[in-house]
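Engineer: Sharing a model that was predicted from the sequence below.
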Amino acid sequence: MKKMKALGVALAVAIATATATGGAWAQASASAVASVGASAGVATAAPGATSKKAIRQANRALKRKVYAALAKHKEIDAGSISIIAKGGAVTLNGTVTDASQIDTVASVAKGVAGVSSVTNKLTVQRPLGQ
């Protein structure tokens, strides 16, 4: 249990460091995880496997950041919006209640640290009977 927690902390530090530098974060996080894991006495997997896992976790973290940024805007119902993050590229899918929210959601997503591009596939959901 302590080994898993140490690995989780090491990965969080690696992702935070890589995000702050803005450079080739996937390579930096993999080497940082390996070096921190080795110093903590935690066995690590092959560099390729760790790299893929670190990339997936970084993508999930970016996705959570975008959702958190959308949650700060009370006029936007983020429950009907899905977000896909891959290497800094964010894709927005789903529906919003007003056409003006499409641009608002895209600009909020672009403002999140770590987002390099936004593909907006949002549509307006019309109420039933209209």
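Structural biologist: Done, it's in. Numbering: from 1, shown residues only.

Engineer: Which positions in stretch 88-97 come out as buried?
Structural biologist: Buried residues in stretch 88-97, counted by 16 or more other C-beta atoms under 10 Å: 90, 92, 94, 96. For every residue, glycine as well, the C-beta is placed using N, CA and C.

Engineer: now swap in stretch 113-130 and tell me
Structural biologist: By 16+ other C-beta under 10 Å, the buried positions in stretch 113-130 come out as 114-115, 118, 120, 122.

Engineer: Of those, which is the nearest to Ala54?
Structural biologist: Gly114 (14.0 Å; C-beta to C-beta).

Engineer: Now do that closest one against Ala85, distance only.
Structural biologist: 9 Å (C-beta to C-beta, to the nearest Å).

Engineer: between these two, what contacts are shared?
Structural biologist: Counting by C-beta atoms under 8 Å, 6 or more residues apart in numbering, the common neighbours of Gly114 and Ala85 are Leu62.

Engineer: coming back round to it: strands - which of the buried residues of stretch 113-130 land there?
Structural biologist: In strands, defined here by DSSP state E, the members of those are 118, 120, 122.
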